[in-house]
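In: When you get a sec, could you give me coordinates for this:
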Amino acid sequence: MIFKSGIGLIIYIFIYCSSVDSDYILYILNFMQPEIRRYKVGLLGFGKVVRAFAKHYLENKKKIFSRFGIDLRFVAVADSKSFLSGNLDLQVLIDKKEQIKTINKAIENPLRKFMPLIKNQNLDIIIDGLPGSRTDAGISYPYLYEAIKNGINIICTNKAPLVFKGDELIELSKKKNVYIGISATTAGALPTSGVINNELVNAGVYYVRGILNGTSNFVLDKIMFEKKSKMDAIREAIKLGIAEPDYRFDLEGIDTCYKTIILGLLLTGKCADLRSIPCQGIMNLDEKTVRAKVKRGKMVRLIGKLSIEDGEPEISIGPEFLDKDDPLSYVYGSNKGITFHTRLMGELTLIGGASGLVAIGATIMKDIINFHRFYYKDK
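Out: Purely as a prediction, here's the structure:
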């Protein structure tokens, strides 16, 4: 008889001395023990988002192992200046990056060092945290494509590869039976991709409306309720870490557009053409007009809209003045919200998932846990 823990042995002895069917109870105990699996992880990029994941994992490592049997070994990391491989210490990497701004001595084209690890299949999971792009799939795309081709699972925090080449990545992942985790690219801590892929998988989703950018929502709240100017609200968002110093990607609606394209990709398998999407952010909103609308009972929100016609995603992005009976009018601060319209299950609205690094770190870990629980065992 094999016991996976000392506790299991003690309980077995107790049961054996009683009149309970010990074999049956022992079967249940063994079934409840998590399957232990060690994964070799490579990190493409070590910016704030990937470091947030690293901190989350270090803080919760014992709990994650105890509950899910997941043991992550970090064997490679590359950023814009340097590369490091081996049995890596996450805390040392974090300290170096935050104290001296680098993980190792600078070298020319450090990312090229990553490719041999991919081609030799020396990794189980790659987390992509490299900078995105407004014009193409970005610098990480060749590495992600090659990883999938070689049977390596990927977790995306970078939206650009999915926005411009997501259909190719997903098609290849199906052929290679490889997992792509994208929770961090759609709305972070607000469950969206998981709801589409699981709870609403057969519901017939045909229309989606969402507040998908917490920074824009925070700024609009400050304008509406505290009568702050747009720039004062932006400065406060930057000070609180809600907005990036270069806030245009969020406030011009591009981030919302990217996220909506990825939701369309999940629902149709097709990438909408970014160039053909009407996209307006909140930078040109007149503050007096906004406050006048609020006095009449309206709420202004930046909305991403996705409709599916004959299997094709149709997308538009822009500010809307919402009535108070619209559930999305109750999304405050840096929270996000989304409403799914379905043919078979009616409407479903989710609200929450405030923007922040702690939340995004946990979201990346969620994708790894879901891979381990639901995907790896089918391979």
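In: residue contacts, the nearest residue to A243 once chain neighbours are set aside?
Out: Using C-beta to C-beta, 6 or more residues apart in numbering and skipping the chain neighbours, the partner closest in space to A243 is A237 (3.7 Å). To be clear about C-beta, it is placed using only N, CA and C from the backbone, and glycine gets the same treatment. Applying C-beta atoms under 8 Å, 6 or more residues apart in numbering to A237 gives the contacts 215, 218-219, 222, 243, 247, 334.
In: buried residues in the helix or strand where A237 lies?
Out: Per DSSP states H and E: A237 is located in helix 230-239. Within helix 230-239, the residues that count as buried by 16 or more other C-beta atoms under 10 Å are 230, 233-234, 236-237.
In: before we move on, what about stretch 344-354?
Out: Residues 348, 350-351, 353-354 are the ones in stretch 344-354 that count as buried (16+ other C-beta under 10 Å).
In: Between those residues, which sits nearest K63?
Out: Nearest to K63, judged by C-beta to C-beta, of the buried residues of stretch 344-354 is G353 at 21.4 Å.
In: Now the closest one: closest residue in space, sequence neighbours ignored.
Out: Nearest non-adjacent residue to G353 (C-beta to C-beta, 6+ apart): L190, at 2.8 Å.
In: my guess is G352 contacts Y332, does it?
Out: No: the criterion here is C-beta atoms under 8 Å, and G352 misses it with Y332 at 10.5 Å.
In: for A147, what are its contacts?
Out: Shown in contact with A147 (C-beta under 8 Å, 6+ apart): 118, 123, 126, 153-154, 178.
In: Distance of it relative to V41?
Out: Counting by C-beta to C-beta, to the nearest Å, the gap between A147 and V41 amounts to 12 Å.
In: can you pull out the strands in the stretch 51-200 of the chain?
Out: 70-78, 83-85, 125-128, 153-156, 180-181 (DSSP state E, counting those that start in this stretch).
In: out of the ones you listed, which comes closest to I196?
Out: I196 lies closest, by C-beta to C-beta, to one member of the strands of the stretch 51-200 of the chain: strand 180-181, at 13.5 Å.
In: Pull up the overlap in contacts between A147 and V41.
Out: What both A147 and V41 touch, as defined by C-beta under 8 Å, 6+ apart, is the set 123, 126.
In: Tabulate the strands of the stretch 51-200 of the chain in CSV, adding columns for distance to K48.
Out: Below are those laid out as CSV (distance: least, C-beta to C-beta, whole Å):
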stretch, distance to K48
strand 70-78, 14
strand 83-85, 18
strand 125-128, 13
strand 153-156, 16
strand 180-181, 19
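In: looking at the ones you listed, which is closest to V290?
Out: Nearest of the strands of the stretch 51-200 of the chain (C-beta to C-beta): strand 153-156, 34.3 Å.
In: buried residues in the closest one?
Out: Under 16+ other C-beta under 10 Å, the buried positions of strand 153-156 are 153-156.
In: what's the pLDDT at I36?
Out: For I36, the model assigns a pLDDT of 87.
In: thought it was touching D71?
Out: Yes: I36 is within contact range of D71, at 6.7 Å (criterion: C-beta under 8 Å).
In: which neighbours do the two share?
Out: Residues touching both I36 and D71 by C-beta under 8 Å, 6+ apart: F65.
In: Backbone torsions only: list them for the closest residue to S82 other than its chain neighbours.
Out: Spatial nearest neighbour of S82, chain neighbours left out: N104 (3.9 Å); criterion: C-beta to C-beta, 6+ apart. For N104, the backbone dihedrals are phi -170, psi 180 (criterion: degrees, to the nearest 10).
In: if I pick N104, what's in contact with it?
Out: 82-84, 96.
In: and the gap between it and V219?
Out: 38 Å.
In: next one: R134
Out: 21 Å.
In: of the two, who's got more company?
Out: A side-by-side neighbour count of R134 and V219, using other C-beta atoms under 10 Å, places V219 first with 29 against 13.
In: backbone phi and psi for Y206, please?
Out: Taking degrees, to the nearest 10 as the convention, Y206 sits at phi -120, psi -10.
In: Quick check: the gap between it and F164.
Out: 25 Å.
In: of those two, who's got more company?
Out: F164 (22 against 14).
In: okay, now the closest residue to S193 other than its chain neighbours: neighbour count?
Out: Excluding its sequence neighbours, the residue lying closest to S193 (C-beta to C-beta, 6+ apart) is T186, at 4.9 Å. By other C-beta under 10 Å, 29 other residues sit near T186.
In: what's the distance between the closest residue to L162 other than its chain neighbours and C156?
Out: With sequence-adjacent residues excluded and distances taken as C-beta to C-beta, 6+ apart, L162 is closest to I262, at 5.0 Å. Counting by C-beta to C-beta, the separation of I262 from C156 is 9 Å.
In: Can you pull the residues that touch both of those two?
Out: Common neighbours of I262 and C156 (C-beta under 8 Å, 6+ apart) are 162, 182, 185.
In: Dump these to TSV, plus pLDDT.
Out: Formatted as TSV, the shared contacts of I262 and C156 follow (pLDDT from 0 to 100):
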residue	pLDDT
L162	98
I182	96
T185	96
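In: So which of those residues is the closest to G47?
Out: When those are compared for distance to G47 (C-beta to C-beta), T185 wins out at 14.9 Å.
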